[in-house]
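[1] After the sequence you'll find the predicted model.
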Amino acid sequence: MSDFRILIADDHPLFRDALKSALADGFDALHIDEAGSFNGVRDTLDADEEYDLILLDLKMPGVQGFSGLMYLRAQYSAVPIIVVSASEDAQVIRSSFEFGASGFVPKSAGADSIREALSHVMGGGIWVPPGFDLSGDQDGEGSQLASKLSTLTPQQVRVLMMLSQGLLNKQIAFELTVSEATVKAHVSAILQKLGVDSRTQAVIVANKIDVGQ
């Protein structure tokens with residue numbers, strides 16, 4: 001594997017260094033960039049979308065639960081994502097794939113496993129942790145939730161996350177540099193897509209994607 005561009009998104013510098021070292025030992029001409037917050041991820045991708053893979057931690061400044069994965073899948077649908085998480089909970093692993101990940105690697109995995117996962121996903125495959133049955137004990141409610149949330153646009157994902165942080169429409173409008181009318185339109189669309197009647201119910205739905213992490 002050569003001439004591939006990878007973005008490591010993790011807020012722990014030591015872990016980013018460990019990942020870079022593991023990948024550098026296994027691949028030639030691999031270009032690796034880093035981001036320590038989700039705003040950093042967005043800024044990097046907005047400046048240059050020509051990445052072949054994202055290695056994404058689920059927990060970092062600027063994201064709640066799977067919101068970062070949801071946003072990236074909606075905004076940069078062509079770039080495969082491998083979730084690299086400290087959690088090894090079965091539902092977190094399963095939900096990662098339901099929200100669009102192409103692979104899941106526990107942070108406890110060795111360098112060889114990380115390199116194998118990367119090679120597999122870059123080859124167009126799906127990487128599941130060894131011994132994990134992706135089809136077993138599926139959470140029907142979780143799958144339905146992921147299906148509904150996957151219909152949100154990138155901007156609607158951001159609005160939903162800001163609603164869950166308690167921001168008012170005018171505050172969201174300021175953060176996104178849009179009008180309050182645009183925010184209201186996004187909120188109405190979010191309620192319709194999630195099948196709920198109020199902002200409070202939408203926030204309850206948003207909070208469910210943080211469970212188990």
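    Alright, I've got the coordinates.
[2] Pull up the gap between the residue nearest in space to the middle of the chain and residue 156, please.
    Geometric centre of the chain, nearest residue: residue 69, 1.4 Å, by CA atoms, centre = their mean. Here the criterion is CB to CB, to the nearest Å. By it, residue 69 lies 15 Å from residue 156. (C-beta placed from N, C-alpha, C; glycine too.)
[3] circling back to that earlier point, tell me the spacing between the residue nearest to the centre of the chain and residue 59.
    For residue 69, the distance to residue 59 equals 11 Å [CB to CB].
[4] Just list the residues touching residue 54, thanks.
    6, 7, 9, 41, 72, 76, 79, 80, 81, 82 (CB atoms under 8 Å, 6 or more residues apart in numbering).
[5] Could you look up the SS state of residue 55?
    Put simply, residue 55 is strand when judged by DSSP: H, G, I helix; E, B strand; the rest coil.
[6] That one touches residue 6, doesn't it?
    Yes: with contact defined as CB atoms under 8 Å, residue 55 counts as touching residue 6 (6.5 Å).
[7] Got the domain ranges for this structure?
    According to automatic domain parsing, the chain comprises the domains 4-122, 151-208.
[8] and the end-to-end length of the last one?
    The first and final residues of domain 151-208 sit 16 Å from each other (CA to CA, to the nearest Å).
[9] And for stretch 193-209?
    Terminal-residue distance, stretch 193-209 (CA to CA): 16 Å.
[10] Just the buried residues of it, please?
    By neighbour count on 16 or more other CB atoms under 10 Å, the buried set for stretch 193-209 is 193, 194, 196, 202, 203, 205, 206, 208, 209.
[11] quick one: the third one and residue 208 touch, right?
    To tie it back to what came earlier, the one meant is residue 196. No: between residue 196 and residue 208 there is no contact under CB under 8 Å: 11.8 Å.
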